[in-house]
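[1] coordinates for the following, if possible.
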Amino acid sequence: MKIIVKHENNMKKLMPNTKMIPTMKTGGSIKIDPSKKGTFTAQATKMGMSVQQAASKILSAKEGTYTPAMRKKANFAKNFAK
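    Numbers count the residues shown, from 1 in each chain. The predicted model follows:
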């Protein structure tokens, strides 16, 4: 908590006339299109792998093997796991 307060105070010193955006201040939220929810998990299950295993395989595959949308979903899954 102290780190956040220090960062906020530093930002106020650097930019005194601006207000911090509430979503940045609280960590924000991830918005996923309801029609896309679960599509990567379904693909991973279809491949017989966990979500992280499928993400690794898709991202390490040669460009063009998987659709750009599937590669984006794999990248999101990798980043979300961190």
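[2] only C-alpha atoms for contact and neighbour calcs from this point on.
    Fine.
[3] list the buried residues of stretch 43-58.
    Going by neighbour count (16 or more other C-alpha atoms under 10 Å), the buried part of stretch 43-58 is Q43, A44, V51, Q52, A54, A55, S56, I58.
[4] name the residues that touch it?
    With C-alpha atoms under 8 Å, 6 or more residues apart in numbering as the test, stretch 43-58 has contacts from F40, T41, Y66, M70, R71, K73, A74, N75, A77, K78.
[5] likewise for stretch 67-80?
    For stretch 67-80, contacts defined as C-alpha under 8 Å, 6+ apart pick out F40, V51, Q52, A54, A55, S56, I58, L59.
[6] pLDDT of that stretch, averaged?
    Taken as a whole, stretch 67-80 has an average pLDDT of 94.
[7] now do the helices in the protein.
    Along the chain, counting by DSSP state H, helices occupy 2-14, 22-26, 39-47, 51-60, 68-80.
[8] out of the buried residues of stretch 43-58, who's nearest K82?
    Minimum distance to K82 across these is 10.9 Å, recorded for Q52 (C-alpha to C-alpha).
[9] if I look at that closest one, how far off is N79?
    To N79, Q52 is 10 Å away according to C-alpha to C-alpha, to the nearest Å.
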